[in-house]
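Enquirer: Using only what follows, build the 3D model:
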Amino acid sequence: MAATSNKQQLLTQVLTLLKKKYGESESTDDSHTVLEELLYAICREGATKEQTDPAFDRLRKNYFDWNEVRVTSEEELAETLDGLANADDRARRILGILQEIFETTFSFDMESLTKMGMKQAGKQLSRYQGVSDFAVAWVTQRALAGHAIPLDVPTLRVLNRLGVLDETEENLESLRATVEHLIPKAKGPQFNEWISELAQEICVEEDPKCPNCPLLKECPTGQMYKQPEKTAKVKPR
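Expert: Numbering: from 1, shown residues only. Just a heads-up that it's a prediction; the model follows:
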């Protein structure tokens, strides 16, 4: 694991290399409400922007309003989210969240969270069943103007392989605090976009494509696996 004093420098270099590889991402949709960012986060966790946007666009366009989504069947909603992994689970979580919000407020307006302090708003969000730490951090970053870095499995995989995080640490809040200390608030959204692309394209779970990784020179894991295993040569007789 990289020494604490080197992590800031490492991530600064990582951001530079990923910008060179992927370029600046298109600006996010500022018209999303707090509820829409929450539901988008459910769709986005473990997926890239390119995978999530088409599914979420269908979710917003195929139904008259969020109440119609709330009363639809899990199977139908999963079909709407086709293209995302674990669509059934995502549909179940979305339906549960909408039902709980409706039973609590008799509406789907969550904008009151923007008037709360960040910690209070985060606690309020985390009380809903199906809302993960990733979703809380996503809403905090994208809708509440707070400094938070959403961490899903692909992001954790990349950061663990880079040596930024301790693989033995299981507390997501602690891991997030580490990354948030190292990544400036202004660069948080772009960091998430680039890391998710890298995790999807190169730093995959099995057989990562380390020789093709723009972070190869910075990554201790990449240095271990960059060379293919050499096959034994048979001496000619």
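Enquirer: ok, so what distance separates residue 153 from residue 111?
Expert: 30 Å (CB to CB, to the nearest Å). For the C-beta atoms, the positions are set from N, CA and C on the backbone; glycine is no exception.
Enquirer: Residue 171 now?
Expert: 31 Å.
Enquirer: and residue 219, what does it touch?
Expert: Neighbouring residues of residue 219 by CB atoms under 8 Å, 6 or more residues apart in numbering: 161, 162, 163, 210, 213.
Enquirer: Mind checking which of these land in helices?
Expert: Mapping the contacts of residue 219 onto helices (DSSP state H) picks out 161, 162.
Enquirer: And the helices in this structure, which stretches?
Expert: Counting by DSSP H, the helices of the chain are 4-22, 34-44, 49-61, 66-70, 74-80, 87-105, 118-126, 133-142, 153-162, 172-182, 188-201, 220-225.
Enquirer: Would you convert those helices into JSON lines that also reports mean pLDDT?
Expert: Compiled in JSON lines, the helices of the chain are given as follows (pLDDT from 0 to 100):
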{"stretch": "helix 4-22", "mean pLDDT": "91"}
{"stretch": "helix 34-44", "mean pLDDT": "98"}
{"stretch": "helix 49-61", "mean pLDDT": "96"}
{"stretch": "helix 66-70", "mean pLDDT": "98"}
{"stretch": "helix 74-80", "mean pLDDT": "98"}
{"stretch": "helix 87-105", "mean pLDDT": "97"}
{"stretch": "helix 118-126", "mean pLDDT": "95"}
{"stretch": "helix 133-142", "mean pLDDT": "97"}
{"stretch": "helix 153-162", "mean pLDDT": "97"}
{"stretch": "helix 172-182", "mean pLDDT": "94"}
{"stretch": "helix 188-201", "mean pLDDT": "97"}
{"stretch": "helix 220-225", "mean pLDDT": "88"}
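Enquirer: In CSV: those, plus mean neighbour count.
Expert: Below are these laid out as CSV (neighbours: other CB atoms under 10 Å):
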stretch, mean neighbour count
helix 4-22, 15
helix 34-44, 23
helix 49-61, 16
helix 66-70, 16
helix 74-80, 16
helix 87-105, 17
helix 118-126, 16
helix 133-142, 24
helix 153-162, 20
helix 172-182, 16
helix 188-201, 20
helix 220-225, 15
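Enquirer: so residue 94 sits right up against residue 42, yeah?
Expert: Yes. Counting by CB atoms under 8 Å, residue 94 touches residue 42, with 5.6 Å between them.
Enquirer: anything in contact with each of those two?
Expert: residue 130.
Enquirer: Map the structural domains onto the sequence of this structure.
Expert: Split into domains by automatic domain parsing, the chain comes to 4-26+149-223, 34-142.
Enquirer: Centre of the chain to the first one, how far?
Expert: Translated: domain 4-26+149-223. 11 Å (CA atoms, centre = their mean, to the nearest Å).
Enquirer: Make 713 the starting number, not 1.
Expert: From this message on, residue numbering opens at 713, which makes the last subject domain 716-738+861-935.
Enquirer: And stretch 905-920, end to end?
Expert: 19 Å (CA to CA, to the nearest Å).
Enquirer: what's next to it, contact-wise?
Expert: Outside stretch 905-920, the residues within contact range by CB under 8 Å, 6+ apart are 727, 730-731, 733-734, 737, 759-761, 763, 864, 866-867, 869-871, 873, 921-922, 924-927, 933-934, 937.
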